[in-house]
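In: Okay, sequence plus prediction incoming.
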Amino acid sequence: MSTLGQWQTLFVDEVAGEGVYLRSTDLGEVFLPAEQAPEEIEVGDSLSVFVYLDNMGHPTATRTKPRAQVGDFALLQVKQVNKVGAFLDWGLEKDLLVPFNEQKPRMQPERSYLVKLYLDNASKRICASSNLNKFVGRAKPEYKSGDVVEVIVAGKTDLGFKVIVDELHWGLIFHNRVHRNLFVGQRLSAFVQNCREDGKVDIVLEAPGMAKIDPLKQQILDELNARGGIVPLGDKSAPDAIKRMFATSKANYKKAIGGLFKEGIIDIEATQIKLKTRP
């Protein structure tokens, strides 16, 4: 089965000067331009391609892999906005359309938005939508405390970070449970704390019931969050400075920040420590 907007394998039906014609039982003939075709391609060979509609509405293939395909959530940047809608850079020559009625909020050039890719039933055009409530939160979550889930960070609120849980449900990681830098579009494994009556899921980044974090580590993390992610005490800082801020010895401080470093939460420098930043 061949589907628009999906990475798939098709077989060569014809090789011509202008390109290669691929066989698709669902889409009919799919054209791959000559500049995209491998050398010495022959009839009957298989090719992994991404299929979309060209400007004339014809099924067209590319061997360039886009940043996302139909059904995916992705953080994409707006290249331009015109009277039709916003157009996103998704790694292909033809940009990805977000119609105005699928923009929430209204999109601005050069800004990035978390979107869901979908196939428009009427036009069969691959589109994207930032109106994520159309796709998320429509099913009742059925988890128990401690279940492992995959989440996508969708935004920051007064309470914490809003996340998409298993691409189906809305969840929240409260600020006091966040000890690392999070950013929109980030994907990570997490744990269910509980399911709420409103259909949303409380999420934590460490398994519920695990041993509480060492008090000194927690104190350091609280100070990092209060100071915008940087504390001016590092591996070579004076013992007196460490004692004034944390009321502890340099040996204990180095042990605590060493543990936070091993857990991937901070970076350590000679005179400061920093919460890990976005890759």
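Out: That came through fine.
In: Mean pLDDT per helix and strand in this protein: which one sits at the bottom?
Out: Between all helices and strands in the chain, the lowest mean by mean pLDDT, DSSP states H and E belongs to helix 215-226, at a mean of 88.
In: Identify each buried residue in that helix, please.
Out: Leu216, Lys217, Gln219, Ile220, Leu221, Leu224 (16 or more other CB atoms under 10 Å). (Glycine included, C-beta is placed from N, CA and C.)
In: how many other residues sit next to Glu197?
Out: Glu197 has 5 neighbours, counted by other CB atoms under 10 Å.
In: Tell me, please, where in the stretch 101-250 of the chain the pLDDT is lower than the cut-off.
Out: For the stretch 101-250 of the chain, applying pLDDT under 70 flags the ranges 208-213.
In: what are the ranges of the helices in this structure?
Out: 215-226, 239-246, 250-262 (DSSP state H).
In: Can I get those in TSV including distance to Lys162?
Out: Formatted as TSV, the helices of the chain follow (distance: least, CB to CB, whole Å):
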stretch	distance to Lys162
helix 215-226	18
helix 239-246	32
helix 250-262	25
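In: Out of those, which gets nearest to Ile41?
Out: When those are compared for distance to Ile41 using CB to CB, the nearest one is helix 250-262, at 49.9 Å.
In: Packing partners of that closest one?
Out: Secondary-structure packing of helix 250-262 (3 or more CB pairs under 8 Å, 6 or more residues apart in numbering; DSSP states H and E): helix 215-226, helix 239-246, strand 266-268.
In: Quick one: distance of the last one to the chain centre.
Out: Its chain's C-alpha centre and that of strand 266-268 lie 24 Å apart, by CA atoms, centre = their mean, to the nearest Å.
In: Kindly report the same for the longest one.
Out: Computed by CA atoms, centre = their mean, the separation of helix 215-226 from the middle of its chain amounts to 27 Å.
In: so what does it touch, helix or strand wise?
Out: By 3+ CB pairs under 8 Å, 6+ apart, helix 215-226 packs against strand 230-231, helix 239-246, helix 250-262, strand 273-275.
In: Let's check: the centremost residue of the protein is which one?
Out: Centroid-nearest residue in the chain, with CA atoms, centre = their mean: Gly185, separated by 3.1 Å.
In: was I right about Cys127 contacting Val115?
Out: No. If you go by CB atoms under 8 Å, Cys127 and Val115 don't touch, sitting 9.2 Å apart.
In: Let me see the contact set for Asn194.
Out: Asn194 makes contacts with Ser145, Val201, Asp202, as judged by CB atoms under 8 Å, 6 or more residues apart in numbering.
In: what about the last one, how many residues close to it?
Out: Same thing as Asp202. Asp202 has 18 neighbours, counted by other CB under 10 Å.
In: Run through the residues that contact it.
Out: Contact analysis of Asp202 by CB under 8 Å, 6+ apart lists Gly171, Leu172, Phe174, Val192, Gln193, Asn194, Cys195, Arg196.
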